Structure formats: structure tokens, C-alpha cells
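Undergrad: Got a predicted model here, sequence first, then my questions.
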Amino acid sequence: MNNVAVAVALSLGLVGCACLYLASPHQRWRTSPLPARPACAAGSVALLGSVFAFARAMAVAPAVFAFVAWVMLLLVVFPYVGAAFVIARRRR
Amino acid sequence: MRSEIVRVYKAVHTWTGIVAGMALFIAFYAGAITVFKEPLVRWATPPAAAESAAQVVPLSEAHALVARTLASQPAAARELRLHLGLAAEPVERLEWEVREEGADEHDRLSSRHFTATLGDDGTVHAHEVERSHLGELIDVLHRVVGLPVDVDETRIVMGVIAALYFLALVSGFIVLLPSLVKDFFALRVGPNLKRMWLDAHNVVGIGSFPFHVVMALTAAVFAFHDGIYVVQDRMIHDGKLGAIFQGRRGSSEGDPRDPATMVPPDEIVARVTELAPSFEPTMLQYVNATGPKAMVRVWGHDTRALEHRALGGFALVDPYSGRVVSTEYLPGRQSAAATVLTSIFALHFATYGGQPVKWIYFALGLLGAWLFFSGNLLWIESRRRKAKKRVANGAIPVQRRDVRLMAAATVGVCLGAVCGISLTIVAAKWLHGHVADLNAWHRIVHYVAFFAAVGWAFFRGAARASVDLLRAAAATTLAIPLTTLLAALVPSLGMWARTEPGALGVDVTALVLGLVFAGMARSAARRVQEGPADSPWSAHAPPDPEPVAVTEPAVEAELHGEHAG
């Protein structure tokens, strides 16, 4: 397995999901969300790049499965990170 | 969508979730750990046992050992494993297993393991070896939702739980459909606790929905597959399915064959790697090697492809001719139909994508456990009697009995499972050399801790017990790396501190988890002492459950529009 390709795939997935999260009105990382269209477009490109990078590292089926698993994890974790930011800000 | 329909699905989601939630917590928590079963076994195995694995004959000289063992040991002739020294698991090079009489085919906890060496005169010396069943015990807890053995009856329980889980997923999804887009990513932290738990629950449920659908469906199939075969046999194969399998696997009839005439192991490995260069063989599994239809499975890994099992995939080879008979289970060399079948297994077992996917599954597994725990918290919070709403004179109301019992059961069962698993892992080092049957003690330690936690939760009440048990979970989980540290600092204790990446990974992961539990205990203690008294999670809630005058609007009406869990 090509470890560099996997690292690139994971990084692009992270960036892509972060863009989608930051474009949401429910995001809690910033005081205001990013402009929705540009952020979603950038996020989609990054996620597409992530799939291709996974497919460089492994066969198509495991690449798609790995991509989906990674995206699921990020989509779940990001709102919790946002909630942690909210709690930390309130304590300050 | 009509509100009556949503209401029906909400009720289905609530009750299926409540019935199955605690069992699923155990399945997911143990399942997350099972992803790293191999490093855990390594952590739990003393270096002495691993060193014996190093005292092995080179692969090029293993042929005589294999052939003579097969010829002299009937149990080994049924199934013999030759490890190639590439797997991380600390095992003897040559190994076979003897199962207890009448043991279920999935129950490996009672198995005894044997290995063999060649004496100077060329005779085979077989001897029993001690293998840690710690990984298998936690895997069994995962497979049968915390029950002690993996047999037909417990698998049926698991199957029913999996079916309820699937119903809960589908009904929960339908309930959330009207607000799915609007509330995506929403986790509103504020004074409305019901809203917060609802968001915390939904974020996990929706974000990882495909993962949970796969887990629910595959778990149901794994639970009922024997039944599926029986129906298939009667409906499709006219009762001849067994004969078909027997024909494929080879029967015991016919002249016995001389294993000395088999192709040497290194040559068998070479033929498979020539066929699939990216495949890394780890083990040869000889099956019925002295019979007329002998075969050897060459197991190994190809991280670029989907793999059928945690062991990887295999090529089927005739050990007497060296011909590769089948590549149906060889990663990357499968037919389309076999790839689809392998996908189902790989998606459940995380047997693709190497270490990154294993870590992703580990995190999704823990989040899955949190999904069920938060579902119960939401159920409890939704049925909480609030002072200002329910009692005319502002007195603190007594919480409903079912709410108090559910709260106690939730913290007792869920945190009891965490404590039990952590403590039985720690026991691998503390009890080694001090008890005759360590594998039996693993079960005893787990269940004593588990039932003690459940008893404590009902005895102390949910609020106080939640703090005690979270502290116990933190302490027992932190005891894993602390035991390793102590073993390194005080060698006279007779324990061991392994420094391989896998074993150290167990310590580091336990350290992080232990600190998370400690943080949760701190938050819970604050809430129990300083939080609102009209809560099942308050230490100042009225202890005496005498009925008080309350205005009792229907709980379902209160939940309307707010509760999906």
C-alpha cells in the first residue's frame, strides 16, 4: 500500500469535511460560517481528490469504503469539536 | 410527512433502542477493542512465550517437522498451522488446536493448543502451549453482546438484538428526515439538556448511519447464518447441502497419503507469491493433510485489496502437487461474486485499508457505544420531572421509578462492561503465574467487575454511582499502562513490558481512554453536586420515592417535536 497516497487521501478528506462543516450555519469553530457556495465547492474538490488518492493506494472497492469510513468519522467528530470550543469559550 | 407517521416511528425507535441499547453498547465497546485483537494478545503474552516462537526451524527446513507431525499426530492431521514468522502474533511456528468435546464451532475459549519440535533422533515431541484467550474473550463479548459463550442460543439473542438495532436505525432515520438537512451538524450546547442530548445522539446516528446499517445487517446475518443454511438446504438443495460441502472439502474415505511426499512449505509459498506478487503470506493451514482430498490454505495479506477475515485471505493449494486449486479467497484475485461476498465481511471486520482503516473503525466503534449510551440518557432526560412544571409549591419532585431504574441500569451495565474489560486486560499481567487457569480467570474477573458495577449502580442510585463507576472505569483503564510501567520499573514483580509498536499502542490507547473517563467523571461529579436537583442525576434529589402531587402532562405530549431517541 502506498502510504504517501493514504496520507494525502486522509488530509484531503479532512480539509474537504472541514470546508463542508465550516459552511454550515451550525458550525461552532468560527464566529460566523464560511460563505456556503465557495466553501462547499472547495470541500467537494478536496473530497474528490481524497477518493482519487485512496484509489492510488488500493483497489477501487476498498478505496471507496475507506473514504466513506473516514468521512463518516469526520462528520461525527467535527460537531463535537465545535461543542468543545463553545464550552471552552464560555469558561473563558 | 404526516405527524402520526413520525409519531409511530418515534415510538418504534424509542423502544427498540431502549431494549437493545445496553447490549449494543457492550457489543460496540468490545468490538472497537477487537479491531486490535492481535496487538492485545501480544500485550498480554509474556516475552518467554514469544521467545519460544523465535526458537523455530527455518522455513526451508520446516518440511520434515510438518510431515512427521502430520503423520504422528491425528489431531494435527485434521488441521495444522505453520506460521511463516511475518505475523505479529506471538505463536509457535507449528501449531494445532484441540477443541473440547461437544464445543460449538465458534467457541474457541475452551481450545487447547499444541506445538511440536523434532528431537535429535528425528522423532516428534508434541507439547501443549499456553495461549492467551484474552483477545478471544473480548471478541466473544462483542459477538454475543456481553454473554459468556458464543453458542447457538447466545447467537440467537445477538440476532434479535441486531434486528432491533436495524429497526431502530431505520425508524430513527425516518423520524429525522423532515429536519435532516436543517439540523445537520447541529450540536447545541445550552441550558436545554434534552436538546443537547438529542443533538449529541443524532450527530453520531446520522453522521455514521451507513456504518451502522452495515453493522446491523452483517451482525444479523452472522447470528442467523446457520438457520439460513438450514432453510437453504431444505428449500434449494433438497437436504444435500452437507454432502456438497463434504465433497468440496474432501472426505475421510480413501487411502491415507504420506505427508513426506508433500511439496515443501517454502515451495508452496513461492508458487502463490509468483501468482500474486503483492500478497504477503503469513501462514500455511493444512486441512485433512493425510486424506485423499488434502489441501493447504496459504493465508496472508494484501493491503491493496479487500480481505475476507482478520487473518487476511488465502489461496487454496494441493499440498501434494503444489498446484494452486482456487484463488476465490485470494485478495485481489477474486471473481466479482466473491468480491461482493468478501466486501460484506471486510466492511464488518475492517479488513481493508490497513492500519488507518482499523483506527477509523476503532473510533467509529467507540462512537457507536456512545450512540447507545446517549440514547438512554435522552430517554431518561425526556422523562424527567421538573420542579417548576410539575409541583405546585416548587418542591423537588421524586423522579419516576422506571426512570430511576433505567438510569441505574444504564450506568451499571455500560460502565460495568468498561470496568470489566479493562480489569480483565490488566489481570493478564497481574495473575500470570499465580493462577492455574488464567483464561478461566479472565472470565471470572470480567463478570465479577461487571456484576459488581451493576449492583453498585442500583445500590447507590444512578447519580452517585455514575461518578463512582466513571472513576472506576478511569482507574481500571489507566491501570493498563500503569501495569506496564510498573513491570518495567520493578522487574521482580514477574510481569513484562513489551516494547513492540502494537503492544505499546495498547498502553497509549488505554492511557488516552483512561484520561477521557477521568474527565467524564469530573464533569459528572460537578453535575451531580451542582446540577439541578430535579434530575435523576442529582445527589440532592429526594431519596424517598413517596408519591407527590404533580401535574402530570403525558410524557409523549412533552416529547412531541423534541425527542427522536
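TA: Nice, I can see it. Numbering: from 1, shown residues only, chains lettered A, B, ... in the order given.
Undergrad: and the longest helix for chain B?
TA: helix B:3-34 (DSSP state H).
Undergrad: now check it, is it near chain A?
TA: No - Helix B:3-34 does not reach chain A (CB under 8 Å from any CB of the partner chain); its nearest approach is 12.3 Å. For glycine as for every other residue, the C-beta is placed from the backbone atoms N, C-alpha and C.
Undergrad: Now do that helix: which elements does it pack against?
TA: Judged by 3 or more CB pairs under 8 Å, 6 or more residues apart in numbering or on different chains; DSSP states H and E, the packing partners of helix B:3-34 are helix B:134-143, helix B:152-176, helix B:354-382, helix B:401-430.
Undergrad: Figure out which of these is closest to chain A.
TA: helix B:354-382 (4.7 Å; CB to the nearest CB).
Undergrad: The closest one - what's its average pLDDT?
TA: Averaged across helix B:354-382, pLDDT comes to 95.
Undergrad: Same list (the helices and strands packed on helix B:3-34) but as a markdown table, adding distance to B:Trp43 and mean neighbour count.
TA: Output for the helices and strands packed on helix B:3-34, formatted as a markdown table (distance: least, CB to CB, whole Å; neighbours: other CB atoms under 10 Å in any protein chain shown):
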| stretch | distance to B:Trp43 | mean neighbour count |
| --- | --- | --- |
| helix B:134-143 | 9 | 23 |
| helix B:152-176 | 27 | 20 |
| helix B:354-382 | 15 | 23 |
| helix B:401-430 | 8 | 23 |
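Undergrad: Leaving aside the residues adjacent along the chain, what's closest to B:Gln239?
TA: Not quite, residue B:239 is Gly, not Gln. B:Asp233 (5.8 Å; CB to CB, 6 or more residues apart in numbering or on different chains).
Undergrad: The one you found sits in which helix or strand?
TA: Counting by DSSP states H and E, the element that carries B:Asp233 is helix B:209-235.
Undergrad: Quick check: buried residues in that helix?
TA: Neighbour-count burial for helix B:209-235, counted by 16 or more other CB atoms under 10 Å in any protein chain shown, picks out B:209, B:211-212, B:214-220, B:222-224, B:233.
Undergrad: how about B:His125, what does it touch?
TA: With contact taken as CB atoms under 8 Å, 6 or more residues apart in numbering or on different chains, B:His125 is in contact with B:Ala116, B:Thr117, B:Leu118, B:Gly119.
Undergrad: follow-up on the earlier one: any chance of CSV for the buried residues of helix B:209-235, columns pLDDT?
TA: As requested, the buried residues of helix B:209-235 are exported to CSV (pLDDT from 0 to 100):
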residue, pLDDT
B:Phe209, 96
B:Phe211, 97
B:His212, 97
B:Val214, 97
B:Met215, 97
B:Ala216, 96
B:Leu217, 95
B:Thr218, 94
B:Ala219, 94
B:Ala220, 93
B:Phe222, 89
B:Ala223, 89
B:Phe224, 87
B:Asp233, 71
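Undergrad: now, which of these sits nearest chain A?
TA: For those, the nearest to chain A is B:Phe211 (5.5 Å; CB to the nearest CB).
Undergrad: Please say whether there is contact between stretch B:353-372 and chain A.
TA: Yes - counting by CB under 8 Å from any CB, chain A has neighbours in stretch B:353-372: B:Gly353, B:Gly354, B:Pro356, B:Val357, B:Ile360, B:Tyr361, B:Ala363, B:Leu364, B:Leu367.
Undergrad: so which of these would you say is closest to B:Arg400?
TA: Nearest to B:Arg400 among the residues of stretch B:353-372 next to chain A is B:Leu367, at 29.5 Å by CB to CB.
Undergrad: that older thread, for the longest helix of chain B, list every residue counted as buried.
TA: B:6, B:9-10, B:12-14, B:16-34.
Undergrad: Next, the angle helix B:134-143 makes with it.
TA: With axes from the mean of the first three to the mean of the last three CA atoms, to 10 degrees applied, the angle from helix B:3-34 to helix B:134-143 works out at 170 degrees.
Undergrad: relative orientation of helix B:3-34 and helix B:209-235 in degrees?
TA: Going by the same axes, to 10 degrees, helix B:3-34 makes 90 degrees with helix B:209-235.
Undergrad: What angle do helix B:401-430 and the helix or strand that comes right after helix B:3-34 make with each other?
TA: Moving toward the C-terminus from helix B:3-34, the next helix or strand (DSSP H and E) is helix B:37-44. Put simply, helix B:37-44 runs at 60 degrees to helix B:401-430, going by the same axes, to 10 degrees.
Undergrad: Who are the packing partners of helix B:37-44?
TA: By 3+ CB pairs under 8 Å, 6+ apart, helix B:37-44 packs against helix B:134-143, helix B:401-430, helix B:501-530.
Undergrad: quick one, helices of chain A?
TA: Under DSSP H, chain A gives helices at A:3-22, A:36-57, A:60-91.
Undergrad: Low-confidence bits of the stretch 251-400 of chain B, can you list those?
TA: B:251-254, B:387-394 (pLDDT under 70).
Undergrad: Point out the residues in it that sit beside chain A.
TA: So far as CB under 8 Å from any CB goes, the stretch 251-400 of chain B lies against chain A at B:303-306, B:332, B:339, B:343, B:346-347, B:352-354, B:356-357, B:360-361, B:363-364, B:367.
Undergrad: Switch the buried residues of helix B:209-235 over to CSV; also include distance to B:Ala539.
TA: Shown next, in CSV, are the buried residues of helix B:209-235 (distance: CB to CB, whole Å):
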residue, distance to B:Ala539
B:Phe209, 37
B:Phe211, 37
B:His212, 35
B:Val214, 41
B:Met215, 37
B:Ala216, 37
B:Leu217, 43
B:Thr218, 42
B:Ala219, 38
B:Ala220, 41
B:Phe222, 43
B:Ala223, 41
B:Phe224, 45
B:Asp233, 59
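Undergrad: what's the closest of those residues to B:Ala75?
TA: Scanning those for proximity to B:Ala75, where the rule is CB to CB, the winner is B:Phe222, at 27.4 Å.
Undergrad: Pull the contacting residues for the closest one.
TA: B:Arg143, B:Arg155, B:Met158, B:His348.
Undergrad: can you do 6 Å?
TA: B:Phe222 makes contact with no residue, according to CB atoms under 6 Å, 6 or more residues apart in numbering or on different chains.
Undergrad: Look up the pLDDT of residue 44 for me, please.
TA: I'll assume chain A. At A:Ser44, pLDDT is 97.
Undergrad: not quite, I wanted chain B
TA: 94.
Undergrad: any idea how far the residue nearest to it when sequence neighbours are not counted is from B:Ala417?
TA: Spatial nearest neighbour of B:Ala44, excluding adjacent residues (CB to CB, 6+ apart): B:Ala428 at 3.7 Å. Separation of B:Ala428 from B:Ala417 (CB to CB, to the nearest Å): 18 Å.
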